[in-house]
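Participant: Structure, please.
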Amino acid sequence: MFEEKLKGRTIALIGGAGFIGHNLALALKRHGAIPHVIDGLQVNNLGAFTNSGEDPNKSLYVNFIFERMRLMREAGIPLHVLDARDYHALSRCLGEINADCIVQLAAIAHANRSNKDPYSTFDHSFRTLENALDVARDRNVHFVYFSSSMVYGNFEGEAAVEERHCEPMGIYGALKYGGEKLVIAHNQVFETPYTIVRPSALYGERCVSRRVGQAFIENALRGMRLTVNGDGNDALDFTYIDDLVQGVLRSIALPEARNQTFNLTYGSARTLNQMIDLMKQAFPDIEVVHNPRDGLMPERGTLSVDKARRLIGYEPQYPLEKGFPRYIAWYKQMAAEHPDYFG
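Facilitator: Now for the predicted structure:
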């Protein structure tokens with residue numbers, strides 16, 4: 001069992017207090033690993049919402065973030081609050097942790113925000129990556145880099161496989177692809193072992209990025225209309241957080257993942273209209289309106305997970321029809337317990 005290979009391993013998660021990171025940290029801890037979370041709590045975290053103006057989701061998202069902190073604290077997971085852009089502070093912290101694997105999650109994790117603020121995107125995505133890679137080089141640890149399905153650009157034909165040519169669109173996809181090249185270059189020059197992970201259309205509990213499914217649910221709970229960019233036929237490989245975490249655990253644990261790039265998605269795209277059908281089952285009276293499609297968003301679809309299935313035994317368990325109703329139910333319970341968040 002791959003879980004046995006995680007026991008006693010020390011894993012540093014840079015940007016680990018975020019949506020993916022805290023779920024991954026909790027799973028690592030459950031399997032006997034020793035995760036350490038490094039995070040400045042500024043990007044898409046406490047700092048982003050406590051300093052914001054009239055964001056209607058501020059109280060709700062701060063509550064989600066406090067819940068992440070509580071779960072990690074109760075699990076005994078150390079949180080090192082520092083800015084990963086500070087090379088000396090990061091180097092000192094990673095030296096004290098002495099991890100055998102570094103997972104690089106720090107980034108501006110939203111394509112639209114990246115296009116609107118390229119400087120901050122570079123600063124928090126590329127600069128933190130180079131700092132982390134430099135420390136990994138000195139320590140010869142396994143480096144896991146979180147990329148994105150956005151590196152592919154427009155999907156064409158069959159499911160996207162890892163070896164296909166990438167033509168990213170916009171700031172976010174370009175920086176993610178540049179990050180992949182930088183990780184591979186460090187392997188070529190310094191022999192730093194790596195694994196590159198490409199997720200897609202993530203959703204799940206305690207996310208604060210307001211991705212499309214999250215926006216749909218929050219609007220429905222507030223009695224608002226659902227807004228769709230385009231005709232609703234755009235298809236995304238929606239991936240529940242537990243499936244992604246399973247794939248990353250296997251990538252950390254198994255030597256077959258070294259120096260490989262993996263799509264870690266559900267492996268079957270669903271249209272926005274199919275997601276809306278699931279919404280209507282839970283909220284029969286919702287109204288849907290359509291806006292023009294965002295021209296900087298590539299036309300996406302299914303990502304093949306055959307390589308991850310073959311090399312590391314990855315088996316996603318949550319099609320949209322199973323994972324999304326679970327997410328809706330969690331939100332409905334939250335709304336029942338905290339109706340003031342949805343007023």
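Participant: And residue 251, what's its pLDDT?
Facilitator: Here, the pLDDT recorded for residue 251 equals 98.
Participant: ugh, wrong one, I meant residue 298
Facilitator: 76.
Participant: Hmm, residue 151 and it touching each other?
Facilitator: No: contact status for residue 298 versus residue 151: not in contact, 9.8 Å apart, counting by CB atoms under 8 Å. (C-beta placed from N, C-alpha, C; glycine too.)
Participant: Please identify which of those two sits among more neighbours.
Facilitator: Using other CB atoms under 10 Å as the criterion, residue 298 and residue 151 rank with residue 151 on top: 24 against 21.
Participant: Might you report the residue contacts of the closest residue to residue 155 other than its chain neighbours?
Facilitator: Distance criterion CB to CB, 6 or more residues apart in numbering; nearest residue to residue 155, sequence neighbours excluded, is residue 301 at 4.2 Å. Contact analysis of residue 301 by CB atoms under 8 Å, 6 or more residues apart in numbering lists 155, 159, 160, 235, 236, 237, 269.
Participant: Select from these the one having the most neighbours.
Facilitator: Compared across the contacts of residue 301, residue 237 has the highest neighbour count, 27 neighbours, by other CB under 10 Å.
Participant: mind listing the helices for this protein?
Facilitator: 19-30, 46-50, 58-74, 87-97, 111-116, 118-122, 128-139, 170-190, 212-221, 241-253, 272-282, 306-312, 320-337 (DSSP state H).
Participant: Just give me the lowest mean pLDDT stretch among these.
Facilitator: Comparing the helices of the chain by mean pLDDT, the weakest confidence falls on helix 111-116, with a mean of 60.
Participant: Quick check: the nearest residue to residue 137 once chain neighbours are set aside vs residue 147, distance?
Facilitator: Spatial nearest neighbour of residue 137, excluding adjacent residues (CB to CB, 6+ apart): residue 190 at 4.5 Å. Per CB to CB, to the nearest Å, residue 190 is found 20 Å from residue 147.
Participant: These two: which has the busier surroundings?
Facilitator: Neighbours were counted for residue 190 and for residue 147 using other CB under 10 Å; residue 147 has more, 24 against 13.
Participant: Isn't the more buried one up against residue 198?
Facilitator: Yes: in this structure residue 147 lies within contact range of residue 198 using CB under 8 Å: 5.0 Å.
Participant: circling back to that earlier point, shared neighbours of residue 298 and residue 151, anything?
Facilitator: Common neighbours of residue 298 and residue 151 (CB under 8 Å, 6+ apart) are 168, 173.
Participant: and residue 309, how many neighbours does it have?
Facilitator: So residue 309, with other CB under 10 Å, has 15 neighbours.
Participant: what residues are up against residue 167?
Facilitator: The contact partners of residue 167, taken as CB under 8 Å, 6+ apart, are 152, 153, 154.
Participant: And for residue 248?
Facilitator: Listed by CB under 8 Å, 6+ apart, the contact partners of residue 248 are 24, 103, 144, 197, 264.
Participant: Ok, residue 99 next?
Facilitator: Contact analysis of residue 99 by CB under 8 Å, 6+ apart lists 10, 11, 12, 36, 141.
Participant: got it, and residue 145?
Facilitator: Residue 145 neighbours (CB under 8 Å, 6+ apart): 104, 129, 179, 180, 183, 194, 195, 196, 197.
Participant: same thing with residue 256?
Facilitator: Contacts of residue 256 (CB under 8 Å, 6+ apart): 311, 312.
Participant: Return the set of buried residues in stretch 5-21.
Facilitator: Judged by neighbour count using 16 or more other CB atoms under 10 Å, the buried positions of stretch 5-21 are 5-6, 9, 11-21.
Participant: from these, which ones fall inside strands?
Facilitator: In this view, those that belong to strands under DSSP state E are 11, 12, 13, 14.
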